[in-house]
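[1] just to be clear, the model below is a prediction. Sequence and coordinates:
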Amino acid sequence: MFLSTGSAENRISWPLKPSFRSDILPGISDNLPMPIINLGKTNPIEDGRQSQRALAVRHGVQRLFIDMGLTMLPEVTLVSGRRADLMALTSKGEFWIVEIKSSIQDMQVDRKWPEYRTFCDRLFFATLPDVPVDIFPQDCGFVISDGYCAEMLREAPHHPLAAASRKALLLRFARSGAQRMLAAELAGVDVASLPDE
C-alpha cells in the first residue's frame, strides 16, 4: 500500500525505498523497517498518555512560556528514566522543568518529583484552578493554568546545574527536539520556525 503525504513539491510515497531512507538517515541499516506513524491522529508527535486535564494545564503553561520567550518540549525522557512533563530552555541557557499535577490524587501519589531537581535550574509545579494551592511544595515555583493561559504565582528558586550536566541535558533536549521535528516533517505537519531562524 502506498500513501502520499506532504505538499505537492515535497510529496513522499510510503513505503520509502531503502536507498532513500539511507540518504536521509545515514548509518541506518536498509534492513530495518520504517517506523509507523499514525496519520489518523491530528498530531503525530503527541503520545496520548496525558489526561485532558493535564493537557489543558500544559497548553496554558506553554502559552505563558511562549510569551516569556522560552523554548520547550513536552514529555522529555531524562537519564534517570523519568519523564519531565514539560522542559523549557531560556534564552540564557537555563533549564526549567514543570511537573504537571491535574488533581489532588495526582500530587499525593507522586513521591519521586524531588529527583527532577538534578535535571534543571528551576523546578515548577503547574495545575488547574480547582486544585488547592497549599498541597504543593513551597520551595518550588508554582503556575496556575486554565487551559488557555497561565500565571506564574511563585518564582522557582535557582539551583544551577553543573556544567557537565548542562551539556548532557542540552544534547538530550536538542536531539529529542530534532527527532520530533523529523517525525512531524515525515507526517506532513507544517512546523513554524523560531523568529530568529
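    Yep, that arrived. Everything quoted here is computed from the prediction, not taken from an experiment. Numbering: from 1, shown residues only.
[2] spatially nearest residue to the residue positioned nearest the centre of the chain, not counting backbone neighbours?
    By Cα atoms, centre = their mean, the chain has its centre lying nearest to Pro74, at 1.7 Å. Among residues not flanking Pro74 along the chain, Leu86 sits closest, at 5.3 Å (Cβ to Cβ, 6 or more residues apart in numbering). Bear in mind the C-beta positions are built from the backbone N, C-alpha and C, glycine included.
[3] for the strand or helix carrying that neighbour, which strands pair with it and how are they oriented?
    Per DSSP states H and E: Leu86 is located in strand 83-89. Strands flanking strand 83-89 in the sheet, each with its direction: strand 71-77 (antiparallel), strand 95-100 (antiparallel) (DSSP bridges).
[4] okay, these, which one's buried deepest?
    Stretch with highest mean neighbour count among the strands paired with strand 83-89: strand 95-100 (a mean of 24; mean count of other Cβ atoms under 10 Å).
[5] quick check: mean pLDDT of it?
    In this model, strand 95-100 carries a mean pLDDT of 97.
[6] what's downstream of it, the next helix or strand?
    Next in sequence after strand 95-100, counting helices and strands by DSSP H and E, comes helix 104-109.
[7] so what secondary structure elements neighbour that following helix?
    In terms of contacts (3 or more Cβ pairs under 8 Å, 6 or more residues apart in numbering; DSSP states H and E), helix 104-109 is packed against no helix or strand at all.
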